[in-house]
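Enquirer: Pasting a predicted model and its sequence here:
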Amino acid sequence: MIESFLIIGIIIAGTILLCSYRAVYGPGIFNRIAAANVIGTKAIVLLVVTGYIFERPHFIDIALMYSILNFIGTIIIAKYLERGELCTS
Amino acid sequence: MREKTFSIIVTFGIMFIFWLFFSAWIVIIPQHYDLIELSKGIVSALIVTLVSHELLVPGKGESIRLKALRFVPYVVWEFWQIVMATLDVTYRVLHPKMPIDPQIIEFETTLRSGLSLTTLANSITLTPGTITVIVEPDKGKFVVHAIAKEPADSLLVDQTMQRKVAHVFMEG
Amino acid sequence: MYVIDIISTLFMAIGAFFMITGALGLLRLPDFYTRLHATGKCDTLGEVLIIAGCMIYEGWSLLTIKLFLVAAFYLFAGPTATHAIMKAAYVTGVKPWKKGDDRV
């Protein structure tokens, strides 16, 4: 069973490499933000699968934290680009 | 004042039970089960409750139980739409000719409350071929980006999704 | 080989295939708005399927509830982040692609 987790992990790492082409070469800033969001999503899945390869269950807590951080980061930078400032007081 | 105490107590209870769930098997069982460990949980749950106690418990609303009961078949229909959406995008991306024809559509609905507008926007994003762009909460106007002609027609002409959400929330 | 192993490997393989499709859509589609169509939908279902495969492998324990929370959070947060980026791009003035234009 460990072999199938290893193969899935290598496939996901390959797709992260494919997405990083768009993060480097995408014309303009919005393509790069979308690519960063996608790389963060695939990193969450990679963390869960790595936790099963090395048989340590603590990686799932790190994946839970990182999914919240990825979501908040994307929303904050989208809000900044839309309005030009972050706090409206 | 009575509403505020009720919501503080319920939020604190839920946060503390969550903390017990998540840390019971790393912190408490290997070490001593005494009050110092539990007090860490109580302090954390108290800080979270004081910051955000208005979010979990709904305020004044009519017939919340009926809305929650009608919500469950809607979620099941939603899962089916997610699977269809992914298969549709896979077909369009892997086809050698890539049949796409993007357009931007606007329409109006009769929904006005916050939760129903959010549910409709989330559902439009998870339906094959459409993503919500702008929502205006005063007039119920949606601007939607569609990837081909058929998903755009199913949103403008048939209006299945607006009728389903209006049925769940009883029109806003 | 147990039956549970085969079922969970099947779920994870289908999820990995949808993730490959999402990454291919990022490279192949000609415009920013259409690229968000590909990643916003394929990534959501692919992640839910892979985590469902891990849940089936685990059985009934505390880890299953944590995995379920990761999947349920992403089911609501993924489309919301896609909508936020798309709204910022539309308001700032990025032009959509019509049929017959060049690649951007």
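Expert: It's in.

Enquirer: Is any residue of stretch B:161-170 near chain C?
Expert: No: Stretch B:161-170 is not in contact with chain C by Cβ under 8 Å from any Cβ of the partner chain; minimum separation 14.2 Å. For the C-beta atoms, the positions are set from N, CA and C on the backbone; glycine is no exception.

Enquirer: which residues touch that stretch?
Expert: Identification of contacts with stretch B:161-170 by Cβ atoms under 8 Å, 6 or more residues apart in numbering or on different chains yields B:63, B:66-67, B:70-71, B:74, B:77, B:109-111, B:113, B:115-116, B:119-120, B:123-124, B:127, B:155, B:172.

Enquirer: burial count for residue 73?
Expert: Here I'm looking at chain A. Residues near A:Gly73, counting by other Cβ atoms under 10 Å in any protein chain shown, number 15.

Enquirer: ah, no, chain B please
Expert: 11.

Enquirer: What strand or helix carries B:Phe16?
Expert: helix B:2-23 (DSSP states H and E).

Enquirer: For the following helix or strand past that helix, enumerate the helices and strands it packs against.
Expert: Next along the chain after helix B:2-23, taking DSSP H and E as the criterion, comes helix B:35-51. Counting contacts by 3 or more Cβ pairs under 8 Å, 6 or more residues apart in numbering or on different chains; DSSP states H and E, helix B:35-51 packs against helix B:2-23.

Enquirer: From the contact counts, what lies against the lengthiest helix in chain C?
Expert: Ranked by residue count and defined by DSSP state H, the top helix of chain C is helix C:62-92. Where contact means 3+ Cβ pairs under 8 Å, 6+ apart, helix C:62-92 is packed against helix A:29-53, helix A:59-83, helix B:2-23, helix B:114-125, strand B:130-136, helix C:32-58.

Enquirer: and the angle from it to helix B:114-125?
Expert: Computed by axes from the mean of the first three to the mean of the last three Cα atoms, to 10 degrees, the angle separating helix C:62-92 from helix B:114-125 equals 90 degrees.

Enquirer: Show me which positions of helix C:62-92 end up buried.
Expert: C:63, C:66-67, C:69-71, C:74-75, C:77-90 (16 or more other Cβ atoms under 10 Å in any protein chain shown).

Enquirer: Centroid-nearest residue for chain C?
Expert: In chain C, the C-alpha nearest the mean C-alpha coordinate belongs to C:Asp43, at 0.9 Å (Cα atoms, centre = their mean).

Enquirer: just chain A next, same as before
Expert: Short answer for chain A (Cα atoms, centre = their mean): A:Gly40, at 0.6 Å.

Enquirer: measure that one to A:Arg22 for me?
Expert: In this view, A:Gly40 and A:Arg22 are 14 Å apart by Cβ to Cβ, to the nearest Å.

Enquirer: Tell me which of the helices and strands packed on helix C:62-92 is the most buried.
Expert: helix C:32-58 (a mean of 24; mean count of other Cβ atoms under 10 Å in any protein chain shown).

Enquirer: What average pLDDT does it get?
Expert: Here helix C:32-58 scores 92 as its mean pLDDT.

Enquirer: Quick one: distance of it to the chain centre.
Expert: 3 Å (Cα atoms, centre = their mean, to the nearest Å).

Enquirer: Who are the packing partners of that helix?
Expert: Looks like helix C:32-58 contacts helix A:29-53, helix B:64-94, strand B:130-136, helix C:3-28, helix C:62-92 (3+ Cβ pairs under 8 Å, 6+ apart).

Enquirer: tell me the angle the next helix-or-strand element following the second one makes with strand B:130-136.
Expert: Going back to what we said before, that points to helix B:64-94. Once helix B:64-94 ends, the next helix or strand along the chain (criterion: DSSP H and E) is strand B:103-108. Strand B:103-108 and strand B:130-136 are oriented at 50 degrees to each other (the same axes, to 10 degrees).

Enquirer: Report the angle between strand B:103-108 and helix C:32-58.
Expert: Using the same axes, to 10 degrees, strand B:103-108 lies at 80 degrees relative to helix C:32-58.

Enquirer: quick one: low-confidence parts of chain B?
Expert: For chain B, applying pLDDT under 70 flags the ranges B:24-34, B:57-63, B:171-172.

Enquirer: All set now, cheers.
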